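**Q** Need coordinates for the following:
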Amino acid sequence: MKNNLSDKIKHAKQQKGKLFCVFLTLGFPSLAATERLILSCEKSEVDILELGFPFSDPLADGPTIQYSSEQALKKHVNIRDGFRLVKNLRATGCRIPIIFFGYLNPIYAYGEKKFARDAREAGIDGLIVPDLPLEEEKAFHAECRRQNLQFVQLVAPTTADRRVKMLVQKSQGFIYYVSLRGVTGARKALPSDLKAHLTKLKSMTSKPVLAGFGVSTPEQARAISRMSDGVIVGSAVIEHLKHGIPAAERFIGKMVRAVHGV
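**A** Sure thing, here's the model as predicted:
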């Protein structure tokens, strides 16, 4: 079964290129806006799209992404809306890798086996579930493997070395390095120990290491891309989106050029 994320990572390795991943909240400011932005991201040569499914009690989301989720939830945006949107995009020929970013509670309510099957049928390529430890819900992990859904693991600055080794080994697609202590949100400066952590992490795996959390400017994205295999940007995109879709599209374009070295 073809997986767009696997193909993209393989191509980036062959070309020795950097990966740029954009986070969007499903349904913010509307489902139509999300669909337009995903197509715009693909046209702008964004490498990976992280689609955040809104949830009322997030673990990792800072104020900006919480706000976008709250706005989407007020419009009753749900998992089925997300699957429908992705399926429609795939029907039009959209091939950007799409990763579901969400929490276990809505997956559990939907039905874990059904969720994995429907996600793959819709055209989703991978999952990031911050509140699901590797040791838990083994049946769900197994079902995701059967459906060829890449399960991306997060590594934080505070993660113990023994656990880092396990996460690196088990992560599929790439390693998501949480570049700061705390929740998501744009920051003015990068952590002083970021380079050391990324260097250590990259020495432990041949899988791409992408850094996210707190990246808010092209200058920061350019600097991080020199230390890592790629960059993930979310809150800063949402902040620009508050000023309209064109503002977000312009910002994404600048970030793409910064990461790709154009």
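**Q** Name the residues that touch the longest helix along the chain?
**A** Scanning the chain for the longest helix, with DSSP state H as the assignment, gives helix 245-260. If you take Cβ atoms under 8 Å, 6 or more residues apart in numbering as the criterion, helix 245-260 is touched by 17-20, 22, 33, 36-37, 40-41, 44-46, 218-219, 221-222, 225, 230-231, 233, 236-237, 240-241, 262. Any C-beta I mention is one placed from the backbone N, CA and C, and that applies to glycine too.
**Q** what does stretch 215-233 give?
**A** Identification of contacts with stretch 215-233 by Cβ under 8 Å, 6+ apart yields 12, 18-23, 47-48, 50, 174, 176-177, 179, 186-188, 190, 194-195, 198-199, 202, 208-214, 235-236, 239, 254-255, 257-259, 261.
**Q** now the contacts of helix 245-260: which count as buried?
**A** Listed as buried from the contacts of helix 245-260 are 17-20, 22, 33, 37, 40-41, 44, 46, 218, 221-222, 225, 230-231, 233, 236-237, 240-241; burial here means 16 or more other Cβ atoms under 10 Å.
**Q** In helices, which of the contacts of stretch 215-233 appear?
**A** Per DSSP H, the subset of the contacts of stretch 215-233 in helices is 12, 194-195, 198-199, 202, 235-236, 239, 254-255, 257-259.
**Q** ok, of these, which come out buried?
**A** By neighbour count, with 16+ other Cβ under 10 Å, the ones in helices among the contacts of stretch 215-233 hold 12, 194, 198, 202, 235-236, 239, 255, 257-259 as buried.
**Q** Which residue in these has the weakest pLDDT?
**A** Within these, Leu194 has the lowest pLDDT, namely 89.
**Q** how about Ala33, secondary structure?
**A** Taking DSSP: H, G, I helix; E, B strand; the rest coil as the rule, one finds Ala33 in the helix state.
**Q** OK, contacts around it?
**A** Taking Cβ under 8 Å, 6+ apart, one finds 241, 245 in contact with Ala33.
**Q** okay, it: pLDDT?
**A** pLDDT for Ala33: 98.
**Q** how far away is Ala142 from Glu70?
**A** 34 Å (Cβ to Cβ, to the nearest Å).
**Q** Helices along the stretch 1-150 of the chain, start to end?
**A** 4-15, 31-43, 63-74, 79-91, 104-110, 112-122, 138-146 (DSSP state H, counting those that start in this stretch).
**Q** quick one: which of these is nearest Lys165?
**A** When the helices of the stretch 1-150 of the chain are compared by Cβ to Cβ, helix 138-146 sits nearest Lys165, at 18.1 Å.
**Q** related to what we said a few turns ago, ok, the buried ones among the ones in helices among the contacts of stretch 215-233 vs Ala160, which is closest?
**A** Closest to Ala160, out of all of those and judged by Cβ to Cβ, is Leu198, at 17.4 Å.
**Q** Pull the number of nearby residues for the residue nearest to that closest one when sequence neighbours are not counted.
**A** Spatial nearest neighbour of Leu198, excluding adjacent residues (Cβ to Cβ, 6 or more residues apart in numbering): Met227 at 4.6 Å. Met227: 19 surrounding residues under other Cβ atoms under 10 Å.
**Q** Got phi/psi on Met227?
**A** Met227 adopts backbone torsions of phi -90, psi -20, taken as degrees, to the nearest 10.
**Q** Can you tell me how far it is from Lys202?
**A** Going from Met227 to Lys202 by Cβ to Cβ gives 8 Å.
**Q** where does the protein have low pLDDT?
**A** 180-191, 262 (pLDDT under 70).
**Q** Show me which strand runs longest in it.
**A** Using DSSP state E, we find that the single longest strand of the chain is strand 19-25.
**Q** Measure how buried Ser206 is and give me the count.
**A** 7.
**Q** Over to it. Which of the three states is it?
**A** Applying three-state DSSP: Ser206 is coil.
**Q** Okay, and the beta partners of the residue nearest the centre of the chain?
**A** What sits nearest the mean C-alpha location of the chain, by Cα atoms, centre = their mean, is Glu50, with 3.3 Å. Here Glu50 shows beta-bridge partners Phe23, Ile99, assigned using DSSP bridges.
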